[in-house]
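Q: my questions concern the predicted model and sequence given below.
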Amino acid sequence: MGKLLITLLIAVVGVVTGQEETDVAMTLFATDLNGCDELSACDTVVKIMCASVSSDWRQCGITGEMGDDNFPLFKERFNFRYVPSEMQRWRFDLIDKDVLFDDPIGSVTVSMADFLRATEIQATMMFELNGRSRFYLHRRSLL
């Protein structure tokens, strides 16, 4: 009886608080990434870093390079497992790839919980980078 009661309490708390594990899928895009290079548009890569209460920042994804494009729509689709008790966070580092040295374009940090709340109704979350530049996280269906 005791184990059943504990199991029921855990299940009820999970439903009431909306704190259940789920899979999250997303795609990335950016707009107005002007000023990367003098003679051409940005050659952008997005490095995705992940952290949680149980792990420090580590790379958990990277896009392919979108060459000579100030409005990159990245082809990759990223899938993550959301575990509420882990307080997971993402950091998206936008980088302009160059022959000699790579240049940072901007960086965005967001918690998975904030992303899920923000995309319950509208599927896209927008972040300002530098002035006009914007970076978007688009939540995708898992189908």
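A: Perfect, I can see it now.
Q: give me the distance between the most centrally placed residue in the chain and Gly61.
A: Central residue of the chain (C-alpha atoms, centre = their mean): Trp90, 5.4 Å from the mean position. Trp90 sits 9 Å away from Gly61, taking C-beta to C-beta, to the nearest Å as the criterion. Quick note: C-beta positions are derived from backbone N, CA and C, even for glycine.
Q: what's the overlap in contacts for the two?
A: Between them, Trp90 and Gly61 share these contacting residues under C-beta atoms under 8 Å, 6 or more residues apart in numbering: Ile48, Cys50.
Q: for Asp102, grab the count of nearby residues.
A: Number of residues near Asp102 (other C-beta atoms under 10 Å) recorded here: 13.
Q: the one 10 residues further on now?
A: Per other C-beta under 10 Å, the neighbour tally for Met112 reads 21.
Q: surely it meets Arg91?
A: No: contact between Met112 and Arg91 fails when scored by C-beta atoms under 8 Å: they sit 11.8 Å apart.
Q: now do the contacts for Gly64.
A: Val45, Phe74, Lys75, Glu76.
Q: thank you kindly, that will do.
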